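1. Build me a model:
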Amino acid sequence: MYVFDVSSVRFVHTGFMQYERGVSVVIPCYNREQHLEECIQSVLDQESDFPVEIIIADDGSKDESMVIAQSMSVVEQEKNNAQFPEEADEDFFGSTILVVEKPVDCETQGAAPTRNRGVERAQYSYVAFLDSDDLFLPGHLKRLFHLLEDRPDFSAAVDQLYGFDTDIEKRWMMPYSDIDMVQLESFFLSPYFNPSVAMIRHTVLDELDGPFEETLRFAQDIDLFFRILEKHQIAILPEPGAGLREHDERSTGGKSPYLQYRYAEMAFNRAVARYPYPKKLIRKRKAALQFRLAQADMWERKYIFAVVRLFYAFLLDPGRAIQTVLRRKFG
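-> As a prediction, this is how the structure comes out:
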C-alpha cells in the first residue's frame, strides 16, 4: 500500500526549489466511491512522454474510496514492475499513485486544505488538479505540459471545461470569455475557472505559501487564480480538457447559493485589499456580487434583503442594472 500520514508535514516556502520534470495530479477526495475509479482511470489513460504521479488526498472518507485508491495503486505498481523490472529506460514513463491520508488529529477539513496536503507531496515541476468526481479528457496533460515547457512566460495554462451528467460523450462546453491568454480584468469581473482544467508551475504554487486559502469554504479556486494573475500570465487553449460531472452530491451541489456567493464576496474582498484594481472594475464586480446575493435572497424568501441588495447594485452599476431588468422583462 502506498499510504502516507502527513500530520507532521508543513508547507515550506521554496522559491528556488528545482523539481523533476513531470506532472503531479492532485485529486482531493471525500466519499467518492461511486466516481473515484473512473476519475483515476482518466488520468492513467492520458498519453504522456513525461512521468506522471497521481496523488489522492483523502479528507477522511467513510466509504470505500480509499480501498479503491489503494487497490489501484497496487495494480499500477505491479504493472510498472512487470513492464520495467530492473534498469531505468528513458522511454518508459509509468504512472504512480500515492494515497495521502488526512491527519488523524483533525476533523474533515474541506477541499482547500485537502488539496494543499496533496501539493505538499507533489514532486514534479507541474501540478494539475482534478476533482474526484470529474474526468480528464484525452490529450489534456500532454497539451498543457508542452505548452508550459515551450512558453516560460506563462505560469499556468488551462484548456476548456465541459459539463456532463451520466454520459461523458454527451457533454456541453462551458466556454471562457478570453482567448489565448487570460485577461486579469475579465477574470476579475467574471471568475470562470475550475481547477480541473488547470496546470500550474510548482514553483508558482510555492510562491503562494500554501496555494488554496483554507479559510474559504467555497471560492478557494477563484482566490488562487486571482493571486496568480496578479503576478503572472495564464494561457488558454481551445481544446477540451476536463469534464465536470453534474450531480446532486457535488461539494457545491445542494448548498445554499447565498453561502456560495458570500464566499465569492470574501475572495473578492481579499483581492481588493491585496491588489490595486481600478475603481471602476471594483464597482462593477461588487455590483455583480450584489445581484447574485439578491437572487440567493429571493430563493430563500428574504425579500427585504433582496430589495436592498438590488438597490445597492443599481447605485454601483446602473447600466448593468437596467440591462438585467430589461433582459428579465423581455428575454
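2. what helices or strands is the helix or strand that contains residue 204 leaning on?
-> Assigning secondary structure by DSSP states H and E places residue 204 in helix 202-207. Judged by 3 or more Cβ pairs under 8 Å, 6 or more residues apart in numbering; DSSP states H and E, the packing partners of helix 202-207 are strand 124-129. The C-beta positions use only the backbone N, C-alpha and C, and glycine is treated the same way.
3. contacts for the strand it packs on?
-> Contacts with strand 124-129, where a contact means Cβ atoms under 8 Å, 6 or more residues apart in numbering, come from 19-28, 51-53, 115, 119, 140-141, 144-145, 148, 195-196, 198-203, 205.
4. Take the residues you listed and keep only those in helices.
-> 115, 119, 140-141, 144-145, 148, 202-203, 205 (DSSP state H).
5. Quickly check the residues you listed for the two that are furthest apart.
-> Largest separation among the ones in helices among the contacts of strand 124-129 by Cβ to Cβ: 140 and 203, giving 21.3 Å.
6. higher neighbour count, these two?
-> Neighbour totals were compared for residue 140 and residue 203, and residue 140 leads with 28 against 16 (other Cβ atoms under 10 Å).
7. and that one, what does it touch?
-> Here residue 140 is in contact with 46, 128, 159, 197, 240-242 (Cβ under 8 Å, 6+ apart).
8. With the flanking residues excluded, which residue is spatially nearest to the residue most central in space within the chain?
-> Nearest residue to the geometric centre of the chain (Cα atoms, centre = their mean): residue 195, 1.8 Å. With sequence-adjacent residues excluded and distances taken as Cβ to Cβ, 6 or more residues apart in numbering, residue 195 is closest to residue 129, at 3.9 Å.
9. What's opposite the one you found in the beta bridge?
-> On the basis of DSSP bridges, residue 129 is bridged to residue 26.
10. Now for it, how many residues are close by?
-> 26.
11. packing partners for the next helix or strand after the helix holding residue 204?
-> Once helix 202-207 ends, the next helix or strand along the chain (criterion: DSSP H and E) is helix 220-229. In terms of contacts (3+ Cβ pairs under 8 Å, 6+ apart), helix 220-229 is packed against helix 111-121, helix 184-189, helix 257-274.
12. Of all the residues in the shortest one, which ones are buried?
-> Buried residues in helix 184-189, defined by neighbour count with 16 or more other Cβ atoms under 10 Å: 184, 187-188.
13. and residue 56, that one's in a strand?
-> Yes: judged by DSSP: H, G, I helix; E, B strand; the rest coil, residue 56 forms part of a strand.
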